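S.K.: Give the three-dimensional model of this entry:
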Amino acid sequence: MSEYLKSDTAMIKQIVERACAIWRRTTNQPIDKNRLIGQMTLVHNDCCALRLEEMMKADDYHITHDVFGIHHHIDISNGKVTLKNCFLPRFAVLKEETEQ
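M.R.: So this is what the prediction gives:
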């Protein structure tokens, strides 16, 4: 695994850990941390890249919007990773950013 992928994986784990801590503070519902890590990784690698460094610095509201939005909207049923209902994470790398 390249250093880039290792750092992305580490950041995704930290982001999900934080989102799960927020979840536990605000609800009694169980949450599957490993599933969230997998979903975030799939979306970041195969659907839309995420600005992980910015995401790590974000407030609770924006972190939970993206992590749980991805969880709710991810669709892999057709063998391709997509996000249903036009969901776009706030920390998605936009096309204009990749063209620079």
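S.K.: Go ahead and name everything in contact with the helix ranked longest in the chain.
M.R.: Secondary structure of the chain read by DSSP state H shows that its longest helix is helix 3-26. Outside helix 3-26, the residues within contact range by C-beta atoms under 8 Å, 6 or more residues apart in numbering are 1, 29, 31, 33, 36-37, 40-41, 44, 52-53, 55-56, 60, 63-64, 67-68. Where you see a C-beta, it was placed from the backbone N, CA and C, and this is true even at glycine.
S.K.: what about 6 Å?
M.R.: Helix 3-26 has contacts (C-beta atoms under 6 Å, 6 or more residues apart in numbering) with 31, 33, 36-37, 40-41, 52, 55-56, 60, 63-64, 67.
S.K.: likewise stretch 44-56?
M.R.: With contacts defined as C-beta under 6 Å, 6+ apart, stretch 44-56 is touched by Met11, Ile15, Val81, Phe91, Ala92, Val93.
S.K.: try 7 Å
M.R.: Contact with stretch 44-56 is made by 8, 11-12, 14-15, 63, 66, 81-83, 89, 91-93, as judged by C-beta atoms under 7 Å, 6 or more residues apart in numbering.
S.K.: related to what we said a few turns ago, which among the contacts of helix 3-26 end up buried?
M.R.: Ile31, Leu36, Ile37, Met40, Thr41, Leu52, Met55, Ile63, Thr64, Val67 (16 or more other C-beta atoms under 10 Å).
S.K.: Turn these into TSV, including secondary structure.
M.R.: Formatted as TSV, those follow (DSSP: H, G, I helix; E, B strand; the rest coil):
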residue	secondary structure
Ile31	coil
Leu36	helix
Ile37	helix
Met40	helix
Thr41	helix
Leu52	helix
Met55	helix
Ile63	helix
Thr64	helix
Val67	helix
